[in-house]
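[1] Turn this into a model:
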Amino acid sequence: YLNKGNQAVGCVTISEGGISGTIADVRLIFQGALLLHATSIILVHNHPSGTRNPSRQDISLTKKGMQIAECVFERHNIIARALIALGVKPGDKVAVWLTNLPQWFITFWATTKIGAVLVTVNTAYKIHEIEYLLRQSDTHTLITIESCLDSNYAQSIAELCPELEVAVPGKPLHCRKLPFLRNIITVGYRQKGCLTWEEAMDMAVRVPVEEVYRRAAAVDCHDVANMQYTSGTTGFPKGVMLTHYNIVNNGKTIGDRMDLSTADRMMIQVPMFHCFGMVLSMTASMTHGVTICPIPYFSPKSSLACIN
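    Below you'll find the model as predicted:
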């Protein structure tokens, strides 16, 4: 790790076994840079003989990129601790019914870090579709916004879970229609019986960060990290299970073919609930140090403003 004056401020040694291939690997490397206030990361390969490979790869972290990274990497540990405090265990499903907001990215890294499974939800879903997904996936915790375009998420949740009227936020929810659902976290609004995003973050104090690290160390690269539902054109949607290896390997390979680098900035206006957004865009960017510029949903005006 180098500072602005190209002076070494720290290093990390990867064992002979190499990087395991989980999403946590990429994250931990960048966490080191944030802790040491480094502006560059140099990857140096050692030959078996002990001599260093003169070729090296520099990952420059722009100020804007560092701010985005700091937001995600600082808060994902807090949300990871909060999810554990809310009873999320390895293998449990955490559904995100969000547009391309920072909370989507933070939840992705937090969920996968502790061995839980992120369930992506189509932002255009209506009440019968979200009911099917939450039931079929055995979702334990749902994180949602109030609405998007013509879909009123808050109303759908209230109809599916009338028990929210008497539920205590932070206590396990018991909903007749959704028997596995235990928590609902709202982003940007307040709803009866639900925790707000800020209230959920406050619960992190109940769990030490060491528990997050312990769970991260237990994650295997072939564990399921994400469940995405098919469109259901010819039948009921099916939950497709993607592993850490699936996601990281696909993202890196696509980034290689696109010749992505730290000099690039990627505007993401496709939804994160699909592989196009989550893997081809976000993961490919993360594995290649690209600065991402997500837009909540497609808007020509916002897109042109972002490009300019």
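[2] How about the backbone phi and psi for the closest residue to residue 103 other than its chain neighbours?
    Nearest residue to residue 103 in three dimensions, chain neighbours excluded: residue 187, at 5.0 Å (Cβ to Cβ, 6 or more residues apart in numbering). Where you see a C-beta, it was placed from the backbone N, CA and C, and this is true even at glycine. Here is the backbone geometry of residue 187 (degrees, to the nearest 10): phi -120, psi 120.
[3] got the contact list for residue 187?
    Going by Cβ atoms under 8 Å, 6 or more residues apart in numbering, residue 187 touches 98, 101, 103, 143, 144, 145, 196, 197.
[4] and which of those residues is nearest residue 222?
    residue 143 (25.7 Å; Cβ to Cβ).
[5] Same question for the closest one, what's its three-state structure.
    strand (DSSP: H, G, I helix; E, B strand; the rest coil).
[6] residue closest to the middle of the protein?
    Central residue of the chain (Cα atoms, centre = their mean): residue 108, 1.6 Å from the mean position.
[7] Find the nearest non-adjacent residue to that one, please.
    Residue 108's closest residue in space is residue 118 (Cβ to Cβ, 6+ apart), at 5.6 Å.
[8] Likewise for residue 84?
    Here the residue nearest residue 84, using Cβ to Cβ, 6+ apart, is residue 207, at 4.7 Å.
[9] That neighbour against residue 81, yeah?
    Yes - Residue 207 lies in contact with residue 81 (Cβ atoms under 8 Å); the separation is 4.2 Å.
[10] So which of those two has more stuff around it?
    It is residue 81, of residue 207 and residue 81, that has more neighbours when counted by other Cβ atoms under 10 Å, with 23 against 18.
[11] after the helix or strand harbouring the more buried one comes which helix or strand?
    Here residue 81, judged by DSSP states H and E, is contained in helix 63-85. Moving toward the C-terminus from helix 63-85, the next helix or strand (DSSP H and E) is strand 93-97.
[12] can you pull the buried residues of the one helix or strand residue 256 maps to?
    Using DSSP H and E, residue 256 sits within helix 244-257. By 16 or more other Cβ atoms under 10 Å, the buried positions in helix 244-257 come out as 244, 245, 246, 247, 248, 249, 250, 251, 252, 254, 255.
[13] Would you mind measuring from the fifth one to residue 277?
    Read that as residue 248. 16 Å (Cβ to Cβ, to the nearest Å).
[14] before we move on, the earlier item: report the contact partners of the residue nearest to residue 84.
    So residue 207 contacts 81, 82, 84, 85 (Cβ under 8 Å, 6+ apart).
[15] Out of those residues, which is nearest to residue 191?
    Nearest to residue 191 among these: residue 82, at 17.6 Å, using Cβ to Cβ.
[16] so how many other residues sit close to residue 237?
    When neighbours are counted by other Cβ under 10 Å, residue 237 comes out with 18.
[17] Same question for residue 149.
    Neighbours around residue 149, by other Cβ under 10 Å: 9.
[18] I'd say it and residue 299 touch.
    No - between residue 149 and residue 299 there is no contact under Cβ under 8 Å: 11.0 Å.
[19] Could you grab the helix/strand/coil label for the residue nearest to residue 108?
    strand.
[20] Any stretches of this protein with poor pLDDT?
    Within the chain, the segments meeting pLDDT under 70 span 1-7, 9-10, 12-74.
[21] what about the helices in it?
    For the chain, the helices defined by DSSP state H occupy 23-35, 63-85, 102-113, 127-136, 153-160, 197-202, 209-218, 244-257, 275, 284-288, 300-307.
[22] pretty sure residue 278 contacts residue 225?
    No - counting by Cβ under 8 Å, residue 278 stays clear of residue 225, with 10.2 Å between them.
[23] Any chance you could list residues touching both of these two?
    residue 247.
[24] between the buried residues of helix 244-257, which is closest to residue 262?
    Proximity of the buried residues of helix 244-257 to residue 262 (Cβ to Cβ) peaks at residue 255, which lies at 11.4 Å.
[25] Not counting its neighbours along the chain, what's nearest residue 87?
    Per Cβ to Cβ, 6+ apart, closest to residue 87 is residue 182, 6.0 Å.
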